[in-house]
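In: when you get a sec, could you give me coordinates for this:
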Amino acid sequence: MSEQYFTKDPQSPHDSRQLEVLFQGERFRFETDAGVFSRDGFDFGSQLLLATCLPLLNGRVLDLGCGWGPVGVIAGKLKPGLDMVMTDINVRATDLAKTNLKRNGVAATVLNGDGFDGVTGQFDWILLNPPIRAGKQAVYALYRESAARLTENGALAIVIRKQQGAQSSREYLDTLFQEVVLMNRKKGYHIFMCRRSLHAVRPGVL
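Out: This next block holds a predicted model:
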């Protein structure tokens, strides 16, 4: 079986690549490598998640499963007032995230661990492109722990494809949060925003 991107310590040979990402008129430079998620570019789902949530982000933000760092780096650059924390189980990914923060002049805390291992405190926002290939139990555990790590008015925002279980995820999220809103939908990708308490949420473009 081939090595998965959620492997803690990838053993695949290094194959470093340089990427340029254009996001909302700004150019960003990144380094990626073998053994990490979407090493060939900024994946569409994460782009849609960031574009949908960026105008609303405030306070302390967790990029959960940050990979090589595009979401955290871009959000931190475009909204420098954020207190950004980034974490991933994959050591190679978090090393790249640190490198990419420096390349783009962004300050953030980068942690290495499985899910919330090593992550402390509460968050105003948690952004998650769930590791679907890790299995439903692993993904749902991230949903549960995210719910416990939000501030009173905090929000979890996820991106998930229809064919990867968007509807079943929505149903499970409804058991954890008082409010689950479909904020955006495009090319089969769904962006859900979840809050523990009822709070007016501005809908995205559907």
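
In: check which helix or strand covers the nearest residue to residue 122 once chain neighbours are set aside.
Out: Once flanking residues are discounted, residue 122 sits nearest to residue 151: 4.8 Å by CB to CB, 6 or more residues apart in numbering. The C-beta positions use only the backbone N, C-alpha and C, and glycine is treated the same way. Taking DSSP states H and E as the definition, one finds residue 151 inside strand 150-161.

In: got it, and residue 71?
Out: In the assignment (DSSP H and E), residue 71 maps to helix 70-78.

In: against residue 196, how distant is the most centrally placed residue in the chain?
Out: By CA atoms, centre = their mean, the chain has its centre lying nearest to residue 128, at 3.4 Å. Plainly put, residue 128 is 15 Å away from residue 196 if you go by CB to CB, to the nearest Å.

In: and the strands in this protein?
Out: Secondary structure of the chain by DSSP state E: the strands cover 17-23, 26-32, 60-64, 83-88, 109-112, 123-128, 150-161, 179-186, 189-195.

In: Serialize the ones you listed to JSON lines and add fields for mean pLDDT and distance to residue 135.
Out: Below are the strands of the chain laid out as JSON lines (pLDDT from 0 to 100; distance: least, CB to CB, whole Å):
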{"stretch": "strand 17-23", "mean pLDDT": "94", "distance to residue 135": "28"}
{"stretch": "strand 26-32", "mean pLDDT": "96", "distance to residue 135": "25"}
{"stretch": "strand 60-64", "mean pLDDT": "98", "distance to residue 135": "17"}
{"stretch": "strand 83-88", "mean pLDDT": "98", "distance to residue 135": "17"}
{"stretch": "strand 109-112", "mean pLDDT": "97", "distance to residue 135": "21"}
{"stretch": "strand 123-128", "mean pLDDT": "98", "distance to residue 135": "15"}
{"stretch": "strand 150-161", "mean pLDDT": "95", "distance to residue 135": "14"}
{"stretch": "strand 179-186", "mean pLDDT": "96", "distance to residue 135": "22"}
{"stretch": "strand 189-195", "mean pLDDT": "97", "distance to residue 135": "19"}
